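> Make a model of this:
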Amino acid sequence: MKKIYLYILLLSTTLFTSCEEVVNVDLSNAEPKLVIEAIIKWEKGTTGENQTIKLSLTNDFYTNDVLPANGAIVTVTNSADVVFDFVQVPNTENYVCNNFQPVIGETYRLEILYDGEIYTASNTLFPTPDILNVTQETVDGISGEDEIQIKYFYQDNGAVENYYLLRVKNPNKQIPEFGAVSDEFFQGNLMFGFYGSSETEPGITLDLSVQGISRGYHDYMNKLISIAGSGSGNPFATPPATVRGNIINVTDSNNFPLGYFHLSEIDTVNYLVQ
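Predicted structure coming up:
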């Protein structure tokens, strides 16, 4: 339970005097929900053995503090019934695995036992195209000042329907920026991620990435990005509205978690702005 003190200024137009009244508004906090960030990303050029799943609890609306979900049992199992254990780093939201075996096209099953309830999901590990090259152009910005625009290119596979998650980390910004796109109008063509910002300047290094994703994760991320666009800009912050992912609570379907289980390759390029 939390109280907000609203200060209401009462102004008398006749006496030109004011007084202050304190109004207490009681806000009820909902029961905490489990938040599961189970995004397995296999960085190209690595073994992909080291992976992290994050478990936390929803917190008070007025705080950004992370509440770790302590004591969970977290496993990911492949189609050959090989089990990969994710063990909690004490007193953190991080559950880590150091022997994961990523295989493109392989199906994996997530299972989490937390607070007497079981949460599950399954998904396939998606491939990702390579980033082929990066271009830079300076144009007139909306404010009339020069703006640096970046494009990074990757080749779409024309044989199947594809979806991608694009991410740019700018050191001048606190959080990364994301975009979820499809190849609906670019089937089999060269595609690119586009980034333009007044906070991009020569000498900084941008972290550019592309990640092949499922249609379900594409739709999920689009919803989160849309919500974040009207708020903090961070799609992984606790959203002001409920966005259901693909993880279910098999013990109590009404107590559904927040978050998503997804696996894919990811290609990343560090680009020095000229």
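> where does the stretch 101-250 of the chain dip in pLDDT?
141-144, 229-241 (pLDDT under 70).
> would you list every one of the strands in it?
107-114, 117-126, 131-140, 146-155, 163-169, 177-182, 190-197, 205-213, 248-249 (DSSP state E, counting those that start in this stretch).
> In a strand, A38, correct?
Yes: secondary structure of A38 (DSSP: H, G, I helix; E, B strand; the rest coil): part of a strand.
> Now do the buried residues in stretch 32-42.
Neighbour-count burial for stretch 32-42 flags 33-42 (criterion: 16 or more other C-beta atoms under 10 Å). C-beta coordinates here come from the backbone N, C-alpha and C atoms, glycine included.
> My error: substitute stretch 174-188 in the last question.
Buried residues in stretch 174-188 (16+ other C-beta under 10 Å): 177-178, 180-183.
> which one among those residues gets closest to G193?
Among the buried residues of stretch 174-188, V181 lies closest to G193 (C-beta to C-beta), at 8.1 Å.
> Can you give me the distance of the closest one to K169?
According to C-beta to C-beta, to the nearest Å, V181 and K169 sit 18 Å apart.
> likewise V243?
For V243, the distance to K169 (C-beta to C-beta) stands at 23 Å.
> cool, and L208?
On the measure of C-beta to C-beta, L208 and K169 end up 8 Å apart.
> The two: which is more packed in?
L208 (21 against 15; other C-beta atoms under 10 Å).
> Report the contact partners of the more buried one.
Counting by C-beta atoms under 8 Å, 6 or more residues apart in numbering, L208 touches 131, 134, 150, 152, 167-168, 193, 195, 268-271.
> Now rank those residues by neighbours and give me the top one.
Result: Y152 is most packed of the contacts of L208 (other C-beta under 10 Å), 23 neighbours.
> who's that one bridged to?
Beta-bridge partners for Y152, by DSSP bridges, are V134, G193.
> right, and it touches F192 too?
Yes: judged on C-beta atoms under 8 Å, Y152 makes contact with F192 at a distance of 6.2 Å.
> ok so, going back, I'd like the strands of the stretch 101-250 of the chain as JSON lines, with distance to G259 appended.
Shown next, in JSON lines, are those (distance: least, C-beta to C-beta, whole Å):
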{"stretch": "strand 107-114", "distance to G259": "10"}
{"stretch": "strand 117-126", "distance to G259": "9"}
{"stretch": "strand 131-140", "distance to G259": "27"}
{"stretch": "strand 146-155", "distance to G259": "27"}
{"stretch": "strand 163-169", "distance to G259": "15"}
{"stretch": "strand 177-182", "distance to G259": "16"}
{"stretch": "strand 190-197", "distance to G259": "25"}
{"stretch": "strand 205-213", "distance to G259": "15"}
{"stretch": "strand 248-249", "distance to G259": "11"}
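> nearest to T47, of the ones you listed?
Among those, the nearest to T47 by C-beta to C-beta is strand 117-126 (13.9 Å).
> So for stretch 42-55, what gets flagged as buried?
Buried residues in stretch 42-55 (16+ other C-beta under 10 Å): 42, 48, 51-55.
> One more: stretch 208-218?
Result for stretch 208-218 [16+ other C-beta under 10 Å]: buried residues 208-214, 217-218.
> what are the ranges of the helices in the stretch 1-150 of the chain?
Read by DSSP state H, counting those that start in this stretch, the stretch 1-150 of the chain holds no helices at all.
> actually the stretch 151-274 of the chain, not the one I typed
Going by DSSP H, counting those that start in this stretch, the stretch 151-274 of the chain shows helices at 215-229.
> So which of the strands of the stretch 101-250 of the chain is nearest N255?
Closest among the strands of the stretch 101-250 of the chain, using C-beta to C-beta: strand 248-249, at 5.2 Å.
> That closest one pairs with which strands?
When pairing is defined by DSSP bridges, strand 248-249 lines up against strand 117-126 (antiparallel).
> how far out from the middle of the chain is the strand it pairs with?
Put simply, strand 117-126 sits 17 Å off its chain's centre (C-alpha atoms, centre = their mean, to the nearest Å).
> related to what we said a few turns ago, would a markdown table of the buried residues of stretch 32-42 with pLDDT and distance to I73 be doable?
As requested, these are arranged in a markdown table below (pLDDT from 0 to 100; distance: C-beta to C-beta, whole Å):
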| residue | pLDDT | distance to I73 |
| --- | --- | --- |
| K33 | 92 | 19 |
| L34 | 96 | 13 |
| V35 | 96 | 17 |
| I36 | 97 | 13 |
| E37 | 97 | 17 |
| A38 | 98 | 14 |
| I39 | 98 | 19 |
| I40 | 98 | 18 |
| K41 | 98 | 23 |
| W42 | 98 | 24 |
